[in-house]
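[1] Turn this into a model:
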Amino acid sequence: MGDVIRSILLGIASFFYNPVFYLLVLGLFLFSIQRVKRERLSFHIKAYGMFNTVFASVAPSLIMGAFGSALLLLSGTALPAGVIVLLSCAYLLIMLTTQLRFLSPAIAGGAAMIVAYWLPNIRTPYPLVNGWIDDIRGVDFFSFGIFLVTGLLIECLLVYGWGARQTSPRLIDSRRGSKVGAHEASALWIVPLFFLVPSAGPVGSIGLWPFVSGSGHSFGFALFPLGVGIAQLITHTLPKRAVRTTGHWLLVNFFVTGLFVGLSYLFHLPLLAVIGGALALIGRLALIGYHHYLREKRPFYFIRPTKGIRVVGVIPNSLGDRMGIRLGEEILRVNDQDVVGEYDFYEALQQRAAYCKLEVIDRFGEPRFAKGPIHQDDGHRIGLLFLEAEEWLDNRKTKA
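    Numbers count the residues shown, from 1 in each chain. Model prediction:
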């Protein structure tokens, strides 16, 4: 039992001496800072704080890490040290692009599987590197495929469950040069995955467990930082609907890859698992291309209304949130006064310092009223981020 505990501790330690973990943490903080800067540039206020964004990723990462680790350990999936190095190198190359949308187990794992299958038997002056090469060339591709499919399932569940939780509102230039609203579904999760490593470890292969035995008969443990990112600029619809479509795409990617990995085990053909990895890579890159197509070809959803001002963002737990104001709605009147811009909005708000009455057009074109008391800690802002009507520009110039 002492040897098993020691092996588990060594596996946990492998998580912290993997440079991918520290680069992912650095990337998480940089991404959070960039997000706050973009929101301030658009609205002079942040919707979410930097540390709020960072800490919001912790719980989903740990939940999915426990879930994925259970799948890998119960299936006995084992990857040798050389494959762990190969996966780490794939993630390092992705992070060199500084593009969060490429941070996916489908891209890293799919590319690593292709490299592992076609890697020639090269020798170097370094015995450690030669050992890694031998590990990669001798990997069980079904085991590798199970790891990849688990990563795809984790990515799909993260996007479904948390991808639309904290979308970031922005103002961007349309194709004609005018300002339109947009939302960016962006998040970075660092998922700790625990699995077996073929080695002279204390865990032996007994019966059908581990049934995916890798290249050895005894095993140790490793903890790998699986990076999962989403960066989807949404201009054509509401954020939740767009992220749900992305989740559907990832789910199909998971099933297709899983089918080929399963067939590789059934027919004892490693090439089928590699084809599954290649399809996962192609499918994920095609999703990025599809997002670009939507931005370029679909009409914008958050456009300036002919009257009033459009709500592009609602800060959580603010007065606007408590009053039930939703994304995409138009505010026509505030305290019985017409508004065409943010200045008019807050000027009308000051007419009743303790109460707010809004005339709203919802996203279905139906009028309604939203009312609520203004608390002292609400200040002069109620947590709504606007895209103003064209007339507001002329009014602002006149009042200036």
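
[2] so where do the strands sit in this protein?
    Ranges of strands within the chain are 168-173, 179-204, 218-234, 309-314, 330-334, 337-338, 355-361, 367-373, 384-388, based on DSSP state E.

[3] The second one: which residues count as buried?
    Just to be clear, that refers to strand 179-204. 179-199, 201-203 (16 or more other Cβ atoms under 10 Å). Glycine gets a C-beta too; all of them are placed from N, C-alpha and C.

[4] can you state the direction angle for it and strand 168-173?
    Angle of strand 179-204 versus strand 168-173, following axes from the mean of the first three to the mean of the last three Cα atoms, to 10 degrees, is 140 degrees.

[5] re earlier: what about the strands of the chain, which gets the closest to residue 129?
    For those, proximity to residue 129 was assessed by Cβ to Cβ; strand 179-204 is nearest, at 17.5 Å.

[6] among the strands of the chain, which is nearest residue 107?
    So among these, strand 218-234 is nearest, using Cβ to Cβ, at 10.0 Å.

[7] Average pLDDT for the closest one, rounded please.
    For strand 218-234, mean pLDDT is 93.

[8] ditto for stretch 177-191
    When pLDDT is averaged along stretch 177-191, the result is 93.

[9] any idea how far that stretch is from the chain center?
    Distance of stretch 177-191 from its chain centroid, counting by Cα atoms, centre = their mean, to the nearest Å, is 10 Å.

[10] now could you export just the CA positions of that stretch as PDB?
    This file holds the C-alpha atoms of stretch 177-191, laid out as PDB (Å, rounded to 0.1, in the frame of the first residue of the first chain):
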ATOM      1  CA  GLY A 177     -17.900  50.600 -40.600                       C
ATOM      2  CA  SER A 178     -20.700  51.300 -38.100                       C
ATOM      3  CA  LYS A 179     -20.700  50.000 -34.500                       C
ATOM      4  CA  VAL A 180     -22.500  46.800 -33.700                       C
ATOM      5  CA  GLY A 181     -22.700  44.600 -30.600                       C
ATOM      6  CA  ALA A 182     -21.100  41.200 -30.100                       C
ATOM      7  CA  HIS A 183     -20.500  38.600 -27.400                       C
ATOM      8  CA  GLU A 184     -17.400  36.500 -27.000                       C
ATOM      9  CA  ALA A 185     -17.800  33.100 -25.400                       C
ATOM     10  CA  SER A 186     -14.300  32.700 -24.100                       C
ATOM     11  CA  ALA A 187     -12.900  30.500 -21.300                       C
ATOM     12  CA  LEU A 188      -9.900  28.400 -20.500                       C
ATOM     13  CA  TRP A 189     -10.100  25.300 -18.400                       C
ATOM     14  CA  ILE A 190      -7.100  23.400 -17.000                       C
ATOM     15  CA  VAL A 191      -8.400  19.900 -16.400                       C
END
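
[11] right, so of the strands of the chain, which gets closest to residue 295?
    strand 218-234 (6.0 Å).

[12] hang on, the earlier thing: for residue 126, find the nearest of the strands of the chain.
    Closest among these, using Cβ to Cβ: strand 179-204, at 19.4 Å.

[13] Include distance to residue 31 when you put the strands of the chain into JSON lines, please.
    Compiled in JSON lines, those are given as follows (distance: least, Cβ to Cβ, whole Å):
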{"stretch": "strand 168-173", "distance to residue 31": "10"}
{"stretch": "strand 179-204", "distance to residue 31": "6"}
{"stretch": "strand 218-234", "distance to residue 31": "8"}
{"stretch": "strand 309-314", "distance to residue 31": "18"}
{"stretch": "strand 330-334", "distance to residue 31": "31"}
{"stretch": "strand 337-338", "distance to residue 31": "40"}
{"stretch": "strand 355-361", "distance to residue 31": "33"}
{"stretch": "strand 367-373", "distance to residue 31": "34"}
{"stretch": "strand 384-388", "distance to residue 31": "20"}
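
[14] Compute the distance between the residue positioned nearest the centre of the chain and residue 59, please.
    The centroid of the chain falls nearest to residue 230 when counting by Cα atoms, centre = their mean (2.9 Å). Counting by Cβ to Cβ, to the nearest Å, the separation of residue 230 from residue 59 is 16 Å.

[15] Next: residue 125.
    From residue 125 across to residue 59, the span is 46 Å (Cβ to Cβ).

[16] Between these two, which is the more surrounded one?
    residue 59 (11 against 6; other Cβ atoms under 10 Å).

[17] out of the strands of the chain, nearest to residue 321?
    Each of the strands of the chain has some distance to residue 321 by Cβ to Cβ; the shortest is strand 309-314, at 5.2 Å.

[18] returning to that earlier point: for residue 299, find the nearest of the strands of the chain.
    Using Cβ to Cβ, these put strand 179-204 closest to residue 299, at 9.9 Å.

[19] out of the strands of the chain, nearest to residue 10?
    strand 218-234 (6.7 Å).

[20] May I have that closest one as PDB, with CA atoms only?
    What follows is strand 218-234, C-alpha atoms only, in PDB (Å, rounded to 0.1, in the frame of the first residue of the first chain):
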ATOM      1  CA  SER A 218       3.000  -3.000 -14.200                       C
ATOM      2  CA  PHE A 219       2.000   0.600 -13.900                       C
ATOM      3  CA  GLY A 220       2.600   3.900 -12.200                       C
ATOM      4  CA  PHE A 221       0.500   7.100 -12.400                       C
ATOM      5  CA  ALA A 222       0.600  10.500 -14.100                       C
ATOM      6  CA  LEU A 223      -1.400  13.600 -13.800                       C
ATOM      7  CA  PHE A 224      -1.700  15.600 -17.100                       C
ATOM      8  CA  PRO A 225      -2.900  19.200 -17.400                       C
ATOM      9  CA  LEU A 226      -5.400  19.000 -20.300                       C
ATOM     10  CA  GLY A 227      -6.000  22.500 -21.700                       C
ATOM     11  CA  VAL A 228      -9.500  23.200 -23.100                       C
ATOM     12  CA  GLY A 229     -10.300  26.600 -24.500                       C
ATOM     13  CA  ILE A 230     -13.200  28.300 -26.200                       C
ATOM     14  CA  ALA A 231     -13.000  31.600 -28.000                       C
ATOM     15  CA  GLN A 232     -16.100  32.200 -30.100                       C
ATOM     16  CA  LEU A 233     -17.000  35.700 -31.200                       C
ATOM     17  CA  ILE A 234     -20.800  35.700 -31.600                       C
END
